[in-house]
Each structure stands twice: as structure tokens, then as C-alpha cells.
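Student: Fold the following, please.
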Amino acid sequence: MSIRKDFKIERTARYYLSNEPLSLQPYLCFVLHGYGQHPEYFLRKFEKAQRSDILFVAPEGLHRFYLQGSSGRVGSSWMTKEDRLNDIDDYCQMLDQVAMMVLKRQSFKKVAIFGFSQGVATACRWANSTNLKFETLINWAGAFPPDLNFEKALENFRPKELHMLCGDDDEFISEERLEEHLNFLKEKGLHPDLHRFEGKHDIYDEPLKTLLEQVFPIHPNP
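Tutor: As a prediction, this is how the structure comes out:
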């Protein structure tokens with residue numbers, strides 16, 4: 001008979017910035033990658049938007065692995081089904097530390113949390129647990145996790161801007177699944193703004209640019 005023992009360790013995590021923080025940047029957006037992605041390359045999708053007024057911050061999931069076999073390209077994951085509750089607690093604490101380090105350097109007029117694919121569930125859980133003051137939660141090609149504390153989420157997210165984006169040919173999200181999820185959220189009292197675009201399970205330049213202009217006005221009021 002085996003006996004399980006859990007213990008805490010100190011380890012090194014990392015995050016990537018779209019550029020060095022500038023005092024003239026009024027906006028901050030935390031972007032959480034999908035399964036198997038590398039945060040440095042994931043960040044390039046947002047750099048294409050050419051929004052120098054937004055500081056994009058891409059933390060890395062704490063689980064790294066080879067994408068094929070035992071060598072070559074490496075990607076990251078936020079969690080697996082194994083020991084999931086500890087993994088959730090660990091990445092929420094890590095994300096809080098990242099936010100604290102970034103916000104220690106300067107203040108921002110508006111803060112958003114953006115999740116893609118697997119990063120959506122991560123973004124939702126973190127947004128529902130953090131003391132970070134943010135205005136917008138963006139879920140791109142992913143769902144609110146069903147185990148989320150929705151009573152708490154309703155209180156936390158009611159004053160926030162909630163956006164969901166999904167391609168019309170997403171290979172992981174059928175129209176039926178999308179409709180079921182929207183009905184599920186409606187029952188829970190959440191009503192995110194739904195944005196559809198032509199495309200698959202990916203982030204496309206034009207829909208992203210349009211969304212960023214909506215969330216972060218290019219000419220903000222002083």
C-alpha cells in the first residue's frame with residue numbers, strides 16, 4: 001500500500017513581455033497560451049496587431065514537454081487531470097506573482113485577461129480567484145470550466161466586460177457544443193458578448209485587431 005505525501009517546493013517560472021514597459025502605455029493584457037504552445041511564439045500573434053499602447057504579458061504554464069517524441073520542439077501545458085487541484089492552485093499563485101511583478105513597475109488605465117484554448121479555463125479560474133483589478137476577460141476558442149465556482153464568478157464578473165470568440169469552422173467546438181455552453185452560462189447568470197469569425201481553432205489577425213480596438217480604444221480619453 002502506497003502512502004501519498006504532498007509538499008511545497010520553490011521553482012523557477014517565466015513570462016514574456018511584448019516589449020519593455022513604457023510609462024506611456026495605458027493598457028495591460030495578460031495572454032494565456034493554449035496546450036502545447038510556447039509563450040514566446042504565442043506572444044507574436046499579439047505583436048502583429050502593432051499596438052504599442054498595450055503591454056502584452058505571456059506567462060508560461062508550469063508543465064513543459066516535447067511536442068513529438070523525446071526531442072525537438074517544446075511546448076507547455078497548464079495542467080493535466082493528474083493532481084489537478086494542486087496544479088490549479090499552483091498556476092493561480094504563479095499568475096498572481098507575475099501580475100504583481102508587472103504592476104510594481106507601473107500602473108495602467110485598463111487591464112484585461114485573455115485566454116486561448118486550454119488557457120481559457122486557466123484564465124477563468126485565475127480571474128475568479130485573484131485580487132488583481134482587471135476590467136475585461138476574453139475567452140478565445142475555449143469554455144468556462146464547468147467546475148468553476150459560478151456563484152463567486154457571478155459576483156466577480158458581473159461588473160466586467162466578458163468576451164467569447166469562436167471560429168465558424170473550429171475543429172474542437174461544434175455549433176451544438178457552443179450553443180449548449182452558452183445556454184449553460186445563461187443558466188448560471190453569465191452573458192458574455194459572443195464574437196464569431198471565419199476560421200478554425202486559431203487566433204487570426206483581423207478578428208484580434210477588431211477585438212483589441214473594442215477593448216482598448218486606440219485614442220483613449222486622457
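Student: Direction included, what does the helix or strand in which Met164 is found pair up with?
Tutor: Assigned by DSSP states H and E, Met164 belongs to strand 161-167. Based on DSSP bridges, the strands next to strand 161-167 in the sheet, each with its direction, are strand 136-140 (parallel), strand 193-197 (parallel).
Student: Please list the residues outside the helix or strand following it that contact it.
Tutor: Scanning the chain past strand 161-167 towards its C-terminal end, the next helix or strand to appear is helix 175-188 (assignment: DSSP H and E). Residues from elsewhere that reach helix 175-188, judged by CB atoms under 8 Å, 6 or more residues apart in numbering: 143-144, 146, 150, 153-154, 166, 191-192, 194. (Each C-beta comes from the backbone N, C-alpha and C, glycine too.)
Student: all strands in this structure, in order from the N-terminus.
Tutor: Along the chain, counting by DSSP state E, strands occupy 15-17, 27-32, 54-59, 63-66, 74-77, 110-116, 136-140, 161-167, 193-197.
Student: coming back round to it: which of the contacts of helix 175-188 sits closest to Leu55?
Tutor: When those are compared for distance to Leu55 (CB to CB), Pro192 comes out closest, at 24.1 Å.
Student: Tell me which residue lies nearest the centroid of this protein.
Tutor: The chain has Gly115 as the residue nearest its centroid, 2.3 Å off, counting by CA atoms, centre = their mean.
Student: report the longest helix in the protein, please.
Tutor: With secondary structure taken from DSSP state H, the chain has its longest helix at helix 84-105.
Student: Residues touching that helix, excluding its own?
Tutor: Judged by CB under 8 Å, 6+ apart, the contacts made with helix 84-105 from elsewhere in the structure are 6, 13, 15, 17, 21, 28, 30, 32, 55, 57, 59, 61-63, 78-80, 122, 125-126, 129-132.
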